[in-house]
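[1] Predicted model and sequence follow; I will ask about them next.
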Amino acid sequence: MKKIIALSLVAAALAVSACNTVAGVGRDVQAAGSAVAGAANDAKN
């Protein structure tokens with residue numbers, strides 16, 4: 001029973017850290033997109 005609880009806690013911790021990692025990647029991609037859009041606007045003007 002204790003092993004099941006311990007494994008559940010480890011699985012929950014990994015799931016939470018994976019969500020944070022995916023969110024971080026999303027912010028990085030958004031920032032890169034904004035940079036490209038800004039460069040395109042600068043080139044257009």
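    Okay, I see it. Numbers count the residues shown, from 1 in each chain.
[2] N45: how many residues sit nearby?
    Neighbour count of N45, defined by other C-beta atoms under 10 Å: 4. For every residue, glycine as well, the C-beta is placed using N, CA and C.
[3] and if you look at A12?
    Close neighbours of A12, defined as other C-beta under 10 Å, add up to 10.
[4] OK, contacts around it?
    Contacts for A12 (C-beta atoms under 8 Å, 6 or more residues apart in numbering) come out as none.
[5] Helix or strand: which one has it?
    helix 2-44 (DSSP states H and E).
[6] pLDDT weak spots in this structure?
    Within the chain, not a single segment meets pLDDT under 70.
[7] The same query, at a cut-off of 90, please.
    Scanning the chain with the threshold set as pLDDT under 90 gives 1-29, 31-32, 36, 38-45.
[8] Check the gap between R27 and G33 for me.
    Going from R27 to G33 by C-beta to C-beta, to the nearest Å gives 11 Å.
[9] meant to ask about A15, not that
    Per C-beta to C-beta, A15 is found 27 Å from G33.
[10] With T21 instead?
    Distance of T21 to G33, given as C-beta to C-beta: 19 Å.
[11] Next: V16.
    For V16, the distance to G33 (C-beta to C-beta) stands at 26 Å.
[12] Then V10?
    V10 sits 35 Å away from G33, going by C-beta to C-beta.
[13] now swap in G26 and tell me
    Counting by C-beta to C-beta, the separation of G26 from G33 is 11 Å.
[14] Which neighbours do those two have in common?
    By C-beta under 8 Å, 6+ apart, G26 and G33 have no common neighbours.
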